[in-house]
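>>> Pasted the sequence and its predicted model underneath.
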Amino acid sequence: MLYVHHKTMVHGAESRMLRGGTGDKVLFLHGAGGMTGWLDYFDKLAHSYDVLAPEHPGFGKNERPEWIASVADLARYYTTFCASLGGIHLVGSSLGGWLASRLAMLMPEAIRSLTLIAPAGMRARAAGSGPGALPSRAERLRRYYFDQSFVERVFAQDPHDIQKIESGNLKTSELLGGPGFYDPTLELELGKLSCPTLVLWGEEDRVVSVELAKRWGDAIAGAEVHVFPRCGHLPHVEMADAAASLTEAFIERTTSMS
């Protein structure tokens, strides 16, 4: 599937975006590790949908405006980003799942469905457990995957300046997430969500415990929860075919009901 690189400008913040496919719009919000490129998950969804994968301000080589200093601020940024898109199907992974849930609360009329992939933000992480606490990139990547062969694949695709990029990504994500990398009001406020919601999780997640999958499902009325066996923190990478199929089937069901 062909995709193109776009430059976006919102409130003076320049960013890049990958986009491919045609059809209803699917907006993907990446996690704390940053945007890693056009994924197989996107490729499969792009056969049926117009897939947009922007890189957040402060990640990659993008500058972060000073007014974006929390997940709530970033959600407000995306309300402007999304203003001209019309109805969208929203997907968020980890930090991006936390962000997606906040964005869905801010503009419920625009969100046709919500898919959350191992979302962060509901529970404070243990001291010393954040990605910045691990001494090497290899150790950080190993925590993300159950199938460790994915780590070597990531290394093979690393750009030459990955250390600088990763350092910036970690610094921005730590700022946005706050001291405990969570929002103590989030769980209660998830009850405000009215859009159809799908929660995907890896059973072997070592970043955000799979024990939280049920809590997310319980907090959002009518949410569907699916847990992938033998899978880590990134089901849309490790289980790209299955995750894309579940996402597409969910979107089709929600579309037919609207």
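Happy to help now that I have it. This one's a predicted model, so the numbers in the text were calculated from it and none came from an experiment.
>>> which intervals of the stretch 1-150 of the chain have sub-threshold pLDDT?
Where the stretch 1-150 of the chain drops to pLDDT under 70, the residues are 1, 126-134.
>>> which residues of it fall in strands?
Ranges of strands in the stretch 1-150 of the chain, per DSSP state E, counting those that start in this stretch, are 4-10, 13-20, 25-29, 50-54, 88-93, 111-117.
>>> of all the ones you listed, which lies closest to Asp43?
The minimum distance between Asp43 and those falls on strand 13-20, with 7.5 Å, by C-beta to C-beta. C-beta: built from backbone N, CA, C; applies to glycine.
>>> okay, the angle between the closest one and strand 25-29?
Orientation of strand 13-20 against strand 25-29 (axes from the mean of the first three to the mean of the last three C-alpha atoms, to 10 degrees) gives an angle of 130 degrees.
>>> Now do strand 13-20: everything it contacts.
For strand 13-20, contacts defined as C-beta atoms under 8 Å, 6 or more residues apart in numbering pick out 1-9, 35, 37-38, 42-43, 46, 50-57, 60, 62-65, 68, 77.
>>> Pull up the pairing partners for it, direction included.
Strand 13-20 has the following strand partners under DSSP bridges: strand 4-10 (antiparallel), strand 50-54 (antiparallel).
>>> which residues are contacting the longest helix along the chain?
Ordering each helix of the chain by length in residues (DSSP state H) puts helix 240-257 first. Residues outside helix 240-257 that contact it (C-beta under 8 Å, 6+ apart) are 24, 26, 39-41, 44-45, 48-49, 89, 91, 112-113, 115, 117, 196, 198, 200, 224, 226, 228, 235-236.
>>> Give the buried residues for that helix.
With burial defined by 16 or more other C-beta atoms under 10 Å, the residues of helix 240-257 counted as buried are 240, 242-244, 246-248, 250-251, 254.
>>> Reformat the strands of the stretch 1-150 of the chain as a markdown table; add distance to Ser209 and mean neighbour count.
Shown next, in a markdown table, are the strands of the stretch 1-150 of the chain (distance: least, C-beta to C-beta, whole Å; neighbours: other C-beta atoms under 10 Å):
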| stretch | distance to Ser209 | mean neighbour count |
| --- | --- | --- |
| strand 4-10 | 34 | 11 |
| strand 13-20 | 30 | 18 |
| strand 25-29 | 21 | 24 |
| strand 50-54 | 26 | 23 |
| strand 88-93 | 16 | 27 |
| strand 111-117 | 14 | 26 |
